[in-house]
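[1] 3D model of this:
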Amino acid sequence: MSAPFVVGIAGGSGSGKTALARSLAERFGEDSALIFHDNYYCRRDELTWDERSAVNYDEPAAFETSLLTEHLDLLLAGQSIDVPVYDYAQHNRSEQTVRVNPAPIVFVEGVLVLYEEELRKRFDLKLFVETDADVRILRRIKRDVLERGRTIESVESQYLSTVKPMHERYVESSKVWADVIVPEGGYNHVALETIAGGLAANVANLAKRT
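    Prediction:
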């Protein structure tokens, strides 16, 4: 099998980048692997729940990106990896891992994946999902309350103290590295079809060369 075609998908929290990544991965099925940068948040067993709640999770130092880079290199070499699983309710990694096998296309999703140079070097295609800030915060509130067990007050506090300023400092500036800007992410069906078609053609061409 030829080396995987690696796609980095970045964008602000609530932009629709996860929906885009999932839709693309579902489109290619067993021919794709999907990795979320969030699962590589640093383990913080030494902190109490209250202390973990106060951590800035929107800056580069919050992630163990070196482990993700190592895992990408293993996938590129044709080896399987065991991806950590992050528990949002506990603000910490769980004891679980998920086996991810090599595939022709590897999608890597996260707010800061285009900010990190070592990740960018490994991406064959870099996508940035751009969505209006008001839409992003509304989606974030709905997701964090319904899916992650947060209160509206905690979501508001985190957004104002870290999410918004870190977005302006790190995430927004990283779109200069993008090959394609995708408005509305997975909710943009025209863009989804176009990207999927282009990926299918690229992977087919790579397969012919091996």
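[2] Now do the strands in the chain.
    Chain-ordered strands for the chain, with DSSP state E as the definition, fall at 5-11, 32-36, 81-87, 92-100, 105-109, 125-130, 180-183.
[3] Give me the contacts around the first one.
    In this structure, residues lying in contact with strand 5-11 by C-beta atoms under 8 Å, 6 or more residues apart in numbering are 17, 20-21, 24, 72, 76, 104-115, 119-120, 122-131, 171, 174-175, 178, 182, 185, 199, 202-203, 206. No exception for glycine: its C-beta is placed from N, CA and C like everyone else's.
[4] partner strands of that strand, parallel or antiparallel?
    strand 105-109 (parallel), strand 125-130 (parallel) (DSSP bridges).
[5] Please identify the buried residues of it?
    5-11 (16 or more other C-beta atoms under 10 Å).
[6] same thing with the shortest one?
    By neighbour count with 16+ other C-beta under 10 Å, strand 180-183 contains the buried residues residue 182.
[7] The buried residues of strand 5-11 into JSON lines, with extra columns for pLDDT and distance to residue 65?
    Output for those, formatted as JSON lines (pLDDT from 0 to 100; distance: C-beta to C-beta, whole Å):
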{"residue": "5", "pLDDT": "95", "distance to residue 65": "21"}
{"residue": "6", "pLDDT": "97", "distance to residue 65": "15"}
{"residue": "7", "pLDDT": "97", "distance to residue 65": "17"}
{"residue": "8", "pLDDT": "98", "distance to residue 65": "12"}
{"residue": "9", "pLDDT": "97", "distance to residue 65": "15"}
{"residue": "10", "pLDDT": "96", "distance to residue 65": "13"}
{"residue": "11", "pLDDT": "93", "distance to residue 65": "17"}
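[8] and residue 32, how many neighbours?
    21 (other C-beta atoms under 10 Å).
[9] so it touches residue 21, yeah?
    No. Counting by C-beta atoms under 8 Å, residue 32 stays clear of residue 21, with 9.8 Å between them.
[10] and the longest helix for the chain?
    Counting residues, the longest helix found in the chain (DSSP state H) is helix 189-208.
[11] any idea of the angle that helix forms with strand 125-130?
    170 degrees (axes from the mean of the first three to the mean of the last three C-alpha atoms, to 10 degrees).
[12] which residues are contacting helix 189-208?
    Under C-beta under 8 Å, 6+ apart, the answer for helix 189-208 is 2-3, 5, 7, 20, 23-24, 27-28, 31, 104-105, 124-125, 127, 180, 182-184, 186.
[13] Could you do stretch 109-119 as well?
    8-13, 17-18, 21, 34-38, 58, 60, 63, 65-66, 68-69, 72, 108, 120, 123, 126, 128, 167, 170-171, 173-175, 177-178.
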